[in-house]
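Sequence first, predicted model second:
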Amino acid sequence: MKDLVNSNVARQNVLNNKYALEEMQKAIGLRGVIFECELKFTSQDLSSFFEVSDRTIRICLEKNQQELRKNGYDVLDGNRLKEFKLSFFLADDKEVNFLTKTSKLGIFNFRAFINLAMLLTKSERAREVRSLVLDIVIDTINKRTGGNTKYINQRDEDFVYNILNNKDYHKELVYALRDYVDLGNVKYILYNDKIYRSVFKEDADEYRRILKLSKEDDERNTMYSEVLDLIASYEAGFAEELRKESLSKGRRLTQIETDALYAKFEQHRLWVPLVEKARIKMASRDICFRDALHANLEEYVRAVPEEDFERFIGEKSMELSQRLETYIAALKRLKERD
């Protein structure tokens, strides 16, 4: 998150967070022109704000045009330019001479303005904006999660359903290991870690260290729904493989046989797209929301999409206790109808 100038992912994580952008707009108070129901700024506005030349803005645009266009930079011509000029002329305090002979004009919305601030390296004002951006992003996430991002995964409306189902599938594997594998109690930790490594390339201890979990914390209570789903699929699937292999041999399996069976099981092609999706979501969300880097998953880090900010810190997100109360209330209503 801190390397806004050099990291496209870090910049996009800021720009996709509409709640932080709203707070930034209030804090900065930059004046512009309302056009198409949105506050817009010209290059001249921004060169003045950032105390840099028009040429500096132009060079930055040329180098980063695709990114800036994606985030709200627009080039007007024709009727849209005429409409913008009219809006601009109606602003009493605006200098309008530079617009009269313009046939094309680049304009920025607030999101593109913040994007530009994270790209300009030779402006002290831009550096100050970047510092403000980081403070507001951290503050916004903390306020919306009650200051604790350890369990931000639980604010997802799918979490309750997934964690309850996950426990059932986990029991299937535990019972299968008990009944079909001839090995001491270490087998439960051993094959739990094998599944974790298959899904996100870390064992339980590594995962707990990265998230700074205490001994009392259950690591699965910090995992995202997609990760829990995939772990449950591995557990249910491998439990069935153990059952079939043990019954076919008419005895319990040795550790060597169980390891070989798991190695074959985890190589199945059906896991490939599911594992990739889970790794991307886990690595990307943890670096954004928890400032936790999973080094083994660094290649999977992407910008967190806008819908994930809505999902985890938006109006529909809520703490697990609230979610459970809602869930129990719904069950009671169903029972009363019966």
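Noted; the coordinates are in hand.

what about the nearest residue to residue 180 once chain neighbours are set aside, which helix or strand?
Nearest non-adjacent residue to residue 180, counting by CB to CB, 6 or more residues apart in numbering: residue 246, 3.7 Å away. Backbone N, C-alpha and C define where each C-beta goes, glycine included. Following DSSP states H and E, one finds residue 246 within helix 225-249.

which other helices and strands contact the helix or strand following that helix?
Using DSSP H and E, the next helix or strand after helix 225-249 towards the C-terminus is helix 255-266. Counting contacts by 3 or more CB pairs under 8 Å, 6 or more residues apart in numbering; DSSP states H and E, helix 255-266 is packed against helix 186-200, helix 225-249.

To residue 154, which of the ones you listed lies closest?
Set against residue 154 and scored by CB to CB, those come closest in helix 225-249, at 9.6 Å.

so what are the domain limits for the protein?
Residue ranges for the domains of the chain, per automatic domain parsing: 8-145, 161-304.

wouldn't residue 126 be in contact with residue 115 here?
No - using CB atoms under 8 Å as the test, residue 126 is too far from residue 115 to be in contact (11.1 Å).

looking at the domains of the chain, which one has the lowest mean pLDDT?
Of all the domains of the chain, the minimum mean pLDDT falls on domain 8-145 (a mean of 91).

about what we covered before: now render the helices and strands packed on helix 255-266 as CSV, adding mean neighbour count and distance to residue 169.
Formatted as CSV, the helices and strands packed on helix 255-266 follow (neighbours: other CB atoms under 10 Å; distance: least, CB to CB, whole Å):
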stretch, mean neighbour count, distance to residue 169
helix 186-200, 18, 11
helix 225-249, 19, 4
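
Nearest to residue 102 among those would be which one?
helix 225-249 (48.6 Å).

For the closest one, which helices and strands make contact with it?
Contacts defined by 3+ CB pairs under 8 Å, 6+ apart place helix 225-249 against helix 159-180, helix 186-200, helix 255-266, helix 271-289.

Now render the ones you listed as TSV, adding distance to residue 240.
Putting these into TSV (distance: least, CB to CB, whole Å) gives the following:
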stretch	distance to residue 240
helix 159-180	8
helix 186-200	14
helix 255-266	10
helix 271-289	15
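
Looking at those, spot the one closest to residue 141.
Across the helices and strands packed on helix 225-249, residue 141 has its closest neighbour in helix 271-289 (6.3 Å, CB to CB).

what sits up against that closest one?
1, 9, 13, 141, 149, 152-153, 198-201, 210-211, 223-224, 226-227, 229-230, 233-234, 292-294, 297-298, 300-304, 308, 312-313 (CB atoms under 8 Å, 6 or more residues apart in numbering).

pull the CA atoms of that helix into CSV?
Only the C-alpha atoms of helix 271-289 are listed here, as CSV (Å, rounded to 0.1, in the frame of the first residue of the first chain):
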residue,chain,number,x,y,z
TRP,A,271,-8.2,-28.0,-9.0
VAL,A,272,-6.2,-25.7,-11.3
PRO,A,273,-8.7,-22.8,-11.9
LEU,A,274,-10.2,-23.1,-8.4
VAL,A,275,-6.8,-22.9,-6.7
GLU,A,276,-5.8,-19.9,-8.9
LYS,A,277,-9.0,-18.0,-8.0
ALA,A,278,-8.6,-18.7,-4.3
ARG,A,279,-5.0,-17.7,-4.2
ILE,A,280,-5.7,-14.4,-6.1
LYS,A,281,-8.5,-13.5,-3.7
MET,A,282,-6.6,-14.4,-0.6
ALA,A,283,-3.3,-12.7,-1.5
SER,A,284,-4.9,-9.6,-2.9
ARG,A,285,-7.4,-9.0,-0.1
ASP,A,286,-4.8,-9.7,2.7
ILE,A,287,-2.3,-7.2,1.3
CYS,A,288,-5.1,-4.6,0.9
PHE,A,289,-7.2,-5.0,4.0
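
Can you mark which positions in that helix are buried?
Using 16 or more other CB atoms under 10 Å as the test for burial, helix 271-289 gives 271, 275, 278-289.

out of those, which one sits closest to residue 109?
Checking these one by one against residue 109 (CB to CB), the nearest turns out to be residue 288, at 22.3 Å.

With residue 31 as the reference, name the closest of the helices and strands packed on helix 225-249.
For the helices and strands packed on helix 225-249, proximity to residue 31 was assessed by CB to CB; helix 271-289 is nearest, at 30.8 Å.

so how far is the very next helix or strand once past the closest one from its chain's centroid?
Following helix 271-289 in sequence order, the next helix or strand is helix 306-313 (DSSP H and E). Offset of helix 306-313 from its chain centre (CA atoms, centre = their mean, to the nearest Å): 8 Å.

Ok, stretch 233-243 next?
The chain centroid and the centroid of stretch 233-243 are separated by 30 Å, computed with CA atoms, centre = their mean.

For that stretch, output the C-alpha coordinates as PDB.
Below are the C-alpha coordinates for stretch 233-243, written out as PDB (Å, rounded to 0.1, in the frame of the first residue of the first chain):
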ATOM      1  CA  SER A 233     -13.800 -29.600  -1.400                       C
ATOM      2  CA  TYR A 234     -10.300 -31.000  -0.800                       C
ATOM      3  CA  GLU A 235     -11.300 -32.500   2.500                       C
ATOM      4  CA  ALA A 236     -14.500 -34.100   1.300                       C
ATOM      5  CA  GLY A 237     -12.800 -35.400  -1.900                       C
ATOM      6  CA  PHE A 238      -9.800 -36.800  -0.200                       C
ATOM      7  CA  ALA A 239     -11.900 -38.400   2.500                       C
ATOM      8  CA  GLU A 240     -13.800 -40.300  -0.200                       C
ATOM      9  CA  GLU A 241     -10.500 -41.300  -1.900                       C
ATOM     10  CA  LEU A 242      -9.200 -42.700   1.500                       C
ATOM     11  CA  ARG A 243     -12.400 -44.700   2.000                       C
END
